[in-house]
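Novice: Sequence below, structure please.
(chains A and B)
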Amino acid sequence: MGKMHVKLTVNGKQVETLAEPRELLIHVLRENLNITGPHIGCETSHCGACTVDMGGKSVKSCTVFAAQANGADITTIEGLGTPDGLHVLQEMFKEHHGLQCGFCTPGMITRAYRLLQENPDPTEEEVRFGMAGNLCRCTGYQNIVKAIMAAAAEMNAVKEAAQ
Amino acid sequence: MNEMAPPKTERAAALKGLGTSRKRVEDARFTQGKGNYVDDIKMAGMLFGDFVRSPYAHARVKSIDTEKALAVPGVHAILTAADLEPLGLHWMPTLAGDKQMVLADGKVLFQGQEVAFVVADDRYAAADAVELVVVDYEELPVVVDPFKAQEEDAPVLREDIADQKEGAHGPRRHHNHIFTWEQGDKDATEAVISEADVVAEEMVYYHRTHPCPLETCGCVASMDKVNGKLTVWGTFQAPHAVRTVASLISGIAEHNIRIVSPDIGGGFGNKVGVYPGYICSIVASIVTGVPVKWVEDRMENLMATAFARDYWMKGRISATKDGRITGLWAHVTADHGAFDACADPTKFPAGFFNICTGSYDIPTAYLSVDGVYTNKAPGGVAYRCSFRVTEAAYLIERMIEILAIELDMDAAELRAKNFIKKEQFPYQSALGWEYDSGDYHTAWDKALKAVDYPGLRKQQAERLEAFKRGETRKLMGIGLTHFTEIVGAGPVKNCDILGLGMFDSCEIRIHPTGSAIARLGTISQGQGHATTFAQILATEIGIPADDITLEEGDTDTAPYGLGTYGSRSTPVAGAATAMAGRKIRAKAQMIAAYLLEVHDDDVEWDVDRFAVKGAPERFKTMKDIAFASYNQAIPGIEPGLEAVSYYDPPNMTYPFGAYICVLDIDVDSGEVDIRSFYALDDCGTRINPMIIEGQVHGGLTEALAIAMAQEITYDDLGNMKNATLMDFYLPTSWETPHYTTDHTETPSPHHPIGAKGVGESPNVGGVPCFSNAVHDAFKSFGLKQSHMPHDHWRIWKIAHDLGLHG
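Specialist: Residues are numbered from 1 along each chain as shown, chains lettered A, B, ... in the order given. Below is the predicted model of the structure:
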């Protein structure tokens, strides 16, 4: 099958790769670009382990062809923080034990990142609703919700202090 | 002479040892997308394997034509049973003493069964080729009902053993019968029940479901022909057992096999067994000379690897008029699917189902289990449970509720009246277990008080009156459960898997500068071993947990152990860790005494150091001792500071808990609103309260799923109806309630640190608790038993059948 030339901005870096028209974005990220933070937990867009941020929206990258993403600006878990400067969500997931096996975590944090952009001061109910596209089998969500609420509070406090 | 040491409490806190809610060391990599799961592994020249699977539940395979598939660009090989047969690998032994086809050998026995293995450059080419393999099937009659499977004229499923009268667990009385397992005193129990004042009898079905970890099963097999060494990275909950099994069935010497479990994305029992994908990947790597990766997709995971439960449990429980339980009788029809691939200790074909007397002092009991073949996927794994304990807990906790109805007695009171009393421990159960410790009344009273149980019952009565007056369409249910777990398999004298004793191990090396590495025979799948086992050691050897590296899962480096499942890591490997730590400390004591120029008996342990008795200002810290062990020639003592412990537990441990759920049911829509869930767990000594709570939240959510909607079902043709996450229920954050956790602490008397294990308790106790709450809501309308899962439709149906829809 002929391959297409796909250009992406991934975590602030411009990258080019070749992909068949049928190839899924998650496969291109993981196989071609060695970005293995986003995971594959199903093939029906239910689990959200493959969640990335594309053009300012949360996207399940198993449901997008790489060709559709041509020209898009994509952020994955690898682009949210650095070992020396973790994103506050990364810190809060650790602080509040918001992960166990870690398989859903990259998608979970990437989704939470967008949720807090969309709604910087969510109620617990809004967090639970806004995260419902990402499945976790280990934590029962209680500490994930706690971590996201704590991250929102922290981010808002920083914002307030800056103003 | 040393400076005065900081106070004990300050030094103990710095260790982050037992009882500390230490933050997890695993989280740095997981939160930054730097975990290393099996599908993240990439090797030069690596190929990708994919299965051709049977669309039929029972059919003869007349021919397999691979010609077109082999012509797909990028396809390297296609394996069928005919290719595996010369190697003797077309069948493999199961953990339960049966055998299972690796690839279809003449027939298929369940939908989704592995028929051929395609090896290609990438997963797309492999999938293309899978589509082009032409298999000619001749359909055969299908049996999905375990009762019909036992009828005289039922189709013969396992033609390979149709004439065998003796199975791995005793006589077989029918061609689809696997085993009968009996425990307890049949005659005495039947006599007690026939003479009893009150008897409750019910068929309780615990439906088929699946552990469904978020990461599916997979492996990368790499045969290095130059060095003759096979390495397999994979989702293995028991890497050492996999190595031994791989050696036994392949003929490759065990020292030439290295099994590595990298990060595992949840297991819950799904990753205990050996699957055809592993065998085919190994063979494919040998055939092609390059590494081969196989990772199943979600549909394959749900259809073919490791279902759980599927127990039809008939129970009879008897009592005196005033509610003293006198006997329990149970018979189970266990649907094992096409091959008996249950993951149970060898001598326990129905696992530890004989814990079904639960938390109660039941003097007489009898249990029999019949294992049966059907045209369903093999498995029967312990889905977040210790070998059929959740089935047992569900049976007894349902029977108690039904008995309470027969007695017209409050179910909380009936439980309290029959609990094993604190002073009865160690308690010998009628079905053969010695419960190590417990204080059920204290836990129960604490739970009832915490939720204001009398207040809840009053509210429920008021709601019922309002319902009857037509003021509300919602009923209130109160679910009660007091469960007793049996975990930590187990003593080598009665617990083995494929002849491998179920001990576990820990090896510790202290480095010259006073930090350490510990390696264990277990493997974390999210439990946080690297965090908690370092805490056990920190307290035992006085080295801060932050200075201890934990390593698991590589059979070339870790000591032999039986792995992580059945809540056995803390009870067995945790004990090994403490014992290895004590060996380190014993040697450290001798070194300290030498350095302090006193007799061994004249120094005493003080948090992180040995000090001279009566002169605490004269001491040597573990750091001092570690360095000395590497640089001083001490008469009579070998250099270095290392220890290993292989721990054979003297008994199981018996965690327990008291759970109370309150919910509201809309009788017209069948919808359920879980108002509150209170979970009190007693897992003995608590190593890391934060992690315990997390385990409880997670286990309760899996219990919620199972009790309320999650199931694997088949139509009459054996088509599996729940093969995607659209149809197989995993709760989201939206449906999952908020949990309140609590605890009591009754240490295990035989475990070195008194810990009992907790990971599976919330699933074992949670399922009956949710289910009892649903039943309780309808109790006053005459409902005794309705099978799980209690999804909206089934609840609506209960209300409808009880005439509540007018």
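
Novice: From the recorded domain assignment, give the ranges for chain B.
Specialist: Annotated domains of chain B cover B:8-35+B:504-647, B:38-140+B:216-264+B:272-304, B:398-489+B:653-801 [automatic domain parsing].

Novice: same deal with chain A?
Specialist: What automatic domain parsing lists as the domains of chain A is A:4-78, A:88-158.

Novice: Please work out which of those domains is packed deepest.
Specialist: domain A:88-158 (a mean of 23; mean count of other C-beta atoms under 10 Å in any protein chain shown). Any C-beta I mention is one placed from the backbone N, CA and C, and that applies to glycine too.

Novice: Serialize the domains of chain A to JSON lines and add fields for distance to B:Gly234 and mean pLDDT.
Specialist: Listed next are the domains of chain A as JSON lines, based on distance: least, C-beta to C-beta, whole Å; pLDDT from 0 to 100:
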{"stretch": "domain A:4-78", "distance to B:Gly234": "16", "mean pLDDT": "97"}
{"stretch": "domain A:88-158", "distance to B:Gly234": "15", "mean pLDDT": "98"}
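
Novice: Turn those domains into a markdown table, columns for distance to chain B.
Specialist: As requested, those are arranged in a markdown table below (distance: least, C-beta to the nearest C-beta, whole Å):
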| stretch | distance to chain B |
| --- | --- |
| domain A:4-78 | 2 |
| domain A:88-158 | 3 |
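
Novice: Would you pull up the residue in chain B closest to chain A?
Specialist: Residue of chain B nearest chain A, by C-beta to the nearest C-beta: B:Gly33 (2.3 Å).

Novice: Where do the helices of the stretch 501-650 of chain B begin and end?
Specialist: Per DSSP state H, counting those that start in this stretch, the stretch 501-650 of chain B carries helices over the ranges B:529-541, B:575-596, B:622-631.

Novice: Format the CA atom coordinates belonging to the shortest one as CSV.
Specialist: Looking back up the chat, that one is helix B:622-631. Only the C-alpha atoms of helix B:622-631 are listed here, as CSV (Å, rounded to 0.1, in the frame of the first residue of the first chain):
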residue,chain,number,x,y,z
MET,B,622,24.0,0.4,59.4
LYS,B,623,26.0,2.7,57.1
ASP,B,624,29.1,2.2,59.3
ILE,B,625,28.5,-1.5,59.4
ALA,B,626,28.0,-1.8,55.7
PHE,B,627,31.3,-0.1,54.9
ALA,B,628,33.1,-2.2,57.5
SER,B,629,31.7,-5.4,56.0
TYR,B,630,33.6,-4.5,52.8
ASN,B,631,36.8,-3.1,54.1
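
Novice: Please list the outside residues in contact with it.
Specialist: Applying C-beta atoms under 8 Å, 6 or more residues apart in numbering or on different chains, the contact partners of helix B:622-631 are B:510-514, B:541-543, B:587-588, B:591-592, B:595, B:608-610, B:620, B:634, B:637, B:639-641.

Novice: show me the contacts for the residue of chain B closest to chain A.
Specialist: A:35-38, A:76-78, A:106.

Novice: Could you do B:Phe419 as well?
Specialist: B:359-361, B:440-441, B:444, B:482.

Novice: Export those as a markdown table, with columns for distance to B:His738.
Specialist: Formatted as a markdown table, those follow (distance: C-beta to C-beta, whole Å):
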| residue | distance to B:His738 |
| --- | --- |
| B:Ser359 | 26 |
| B:Tyr360 | 30 |
| B:Asp361 | 35 |
| B:Tyr440 | 26 |
| B:His441 | 28 |
| B:Trp444 | 23 |
| B:His482 | 22 |
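
Novice: any idea how far B:Asp83 is from B:Val283?
Specialist: 8 Å (C-beta to C-beta, to the nearest Å).

Novice: Among the helices of the stretch 501-650 of chain B, show me which one is buried the most.
Specialist: Buried most deeply of the helices of the stretch 501-650 of chain B, by mean count of other C-beta under 10 Å, is helix B:529-541, with a mean of 26.

Novice: What is that helix packed up against?
Specialist: strand B:504-510, strand B:516-520, strand B:548-552, helix B:575-596 (3 or more C-beta pairs under 8 Å, 6 or more residues apart in numbering or on different chains; DSSP states H and E).

Novice: Just want the angle from the first one to strand B:516-520.
Specialist: Right, the one you point to is strand B:504-510. 170 degrees (axes from the mean of the first three to the mean of the last three C-alpha atoms, to 10 degrees).

Novice: roughly how far is the helix or strand of chain B with the lowest mean pLDDT from the heart of the chain?
Specialist: Lowest by mean pLDDT, DSSP states H and E among the helices and strands of chain B is strand B:496-497, with a mean of 89. From the chain centre to the centre of strand B:496-497 is a distance of 15 Å (C-alpha atoms, centre = their mean, to the nearest Å).

Novice: OK, contacts around the closest residue to A:Val64 other than its chain neighbours?
Specialist: Ranked by C-beta to C-beta, 6 or more residues apart in numbering or on different chains and with sequence neighbours excluded, the top spatial neighbour of A:Val64 is A:Leu25, at 4.3 Å. A:Leu25 makes contacts with A:52, A:59, A:61-62, A:64-66, A:68-69, as judged by C-beta under 8 Å, 6+ apart.

Novice: Closest one of those to B:Leu403?
Specialist: B:Leu403 lies nearest to A:Cys62 out of the contacts of A:Leu25, by C-beta to C-beta, at 49.4 Å.

Novice: where's the nearest residue to A:Leu24 once chain neighbours are set aside, which helix or strand?
Specialist: Using C-beta to C-beta, 6+ apart and skipping residues adjacent in sequence, the residue nearest A:Leu24 is A:Cys62, 5.5 Å away. Using DSSP states H and E, A:Cys62 falls within no helix or strand.

Novice: Look up phi and psi at B:Trp64.
Specialist: No, residue B:64 isn't Trp; it's Ile. phi -130, psi 120 (degrees, to the nearest 10).

Novice: try the one 4 residues further on
Specialist: Its backbone dihedrals place B:Lys68 at phi -60, psi -40, with angles given as degrees, to the nearest 10.

Novice: burial measure for it, as a count.
Specialist: Neighbour count of B:Lys68, defined by other C-beta atoms under 10 Å in any protein chain shown: 12.

Novice: Then B:Ala120?
Specialist: There are 25 residues near B:Ala120, going by other C-beta under 10 Å.

Novice: list the contacts for it?
Specialist: With contacts defined as C-beta under 8 Å, 6+ apart, B:Ala120 is in contact with B:47-50, B:72, B:74-76, B:126, B:128-129.

Novice: Spatially, what comes nearest to the residue positioned nearest the centre of chain A if we skip its sequence neighbours?
Specialist: Nearest residue to the geometric centre of chain A (C-alpha atoms, centre = their mean): A:Thr110, 2.3 Å. Of all residues not flanking A:Thr110 in the chain, A:Thr51 sits nearest, at 4.9 Å (C-beta to C-beta, 6+ apart).
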